[in-house]
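Undergrad: with the sequence up front, the predicted model follows.
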Amino acid sequence: MAETVPPPISPPAIAALSLRGVRVAFGEFVAVDDVDLEIHPHEFLCLLGPSGCGKSTLLALMAGFAAPSAGTIEMGGEPITGPRPELGVVFQSSDALFDWLTVADNIAFGPRMRGMSKVDRAPVVAEHLRLVGLSGAADKRPPQLSGGMRQRVQIARVLANSPDIVLMDEPFGALDAQTRTVMQRELDRIWRERKNTVVFVTHDIDEALILSDRIAVMSAGPKAGIKSVYDVTLPRPRDEDSSSYVDLRHQIREDIAVEVEKSLGEQP
Ligand code: ADP
Ligand code: MG
């Protein structure tokens, strides 16, 4: 009898990040509750929701800055117990930059801390300056730069650490509308080149549509959760005038409007 060879069993795809039954309470106030969310390797996922719904709270858990009151958060199957180098975080404010260091030295900082030699750091810095379009500003210091340029430095600095996952909390929130649009397009280009796993927090529907593979819409708090998840399969770069883009924006806008009304109804 011919020996039957069992078909190869592919290992189960491990989620890049996995949140199960997550709750965060601040004293009596339950900000988020019962959140289940899987972030797939190499996807760009946006957490979209009205102001105050708990987006930053969830991102802080993923970054290991805080622990959930209930539930679990795992990265590649391991619980997250604190900040780790595989998780890079880009904040809304560029205060995290070192103003006394040049742009190049800001980008070199992480690799230097990891013990990379100066000779090995040079190409890493050059590559990341190129990636974010700042090759001409290598010797400038952050205070000499515009807000958009400072956010480029933050992105380059985080990516120079080769993180598996990049967490971004409204990184363009403090920028003017024009710069913001440029930065969204830039980040889309950078992501297509790098394909890091990204979790990006925003309250801006267009920002989410330009950047995401999936959009997780949050409900209004208290006890906020993931209300719905949209797959965004539109080709990149996204065409904001295409009918499928406009349709999806309309659908998500309706979804969010309900939540904004709910949260306004709860104001004293
Ligand atoms: P978002 O980022 O979506 O705007 P946050 O995650 O910052 O919202 O906040 C969610 C809710 O949790 C808000 O009602 C906020 O006031 C509350 N909150 C956030 N951090 C704290 C804290 N440290 N103590 C008490 N309440 C908090
Ligand atoms: Mg926030």
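TA: All right, it came through fine. Ligands and ions are numbered 1, 2, ... in the order given.
Undergrad: quickly list the domain ranges of the chain.
TA: For the chain, the structural domains run 17-86+164-266, 97-162, going by automatic domain parsing.
Undergrad: now distance to ligand 1 and mean neighbour count too, for these, in JSON lines please.
TA: Backbone N, C-alpha and C define where each C-beta goes, glycine included. Listed next are the domains of the chain as JSON lines, based on distance: least, Cβ to the nearest ligand atom, whole Å; neighbours: other Cβ atoms under 10 Å:
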{"stretch": "domain 17-86+164-266", "distance to ligand 1": "3", "mean neighbour count": "18"}
{"stretch": "domain 97-162", "distance to ligand 1": "18", "mean neighbour count": "18"}
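Undergrad: including mean pLDDT, could these go into a markdown table?
TA: Shown next, in a markdown table, are those (pLDDT from 0 to 100):
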| stretch | mean pLDDT |
| --- | --- |
| domain 17-86+164-266 | 94 |
| domain 97-162 | 95 |
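Undergrad: now S93: phi and psi?
TA: phi -90, psi 150 (degrees, to the nearest 10).
Undergrad: ok, the nearest residue to it once chain neighbours are set aside - contacts?
TA: Distance criterion Cβ to Cβ, 6 or more residues apart in numbering; nearest residue to S93, sequence neighbours excluded, is A174 at 6.4 Å. By Cβ atoms under 8 Å, 6 or more residues apart in numbering, the residues touching A174 are Q92, S93, G147.
Undergrad: can I get the residues you listed in TSV including distance to R112?
TA: Shown next, in TSV, are the contacts of A174 (distance: Cβ to Cβ, whole Å):
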residue	distance to R112
Q92	25
S93	23
G147	26
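Undergrad: straight-line length of stretch 230-237, end to end?
TA: 18 Å (Cα to Cα, to the nearest Å).
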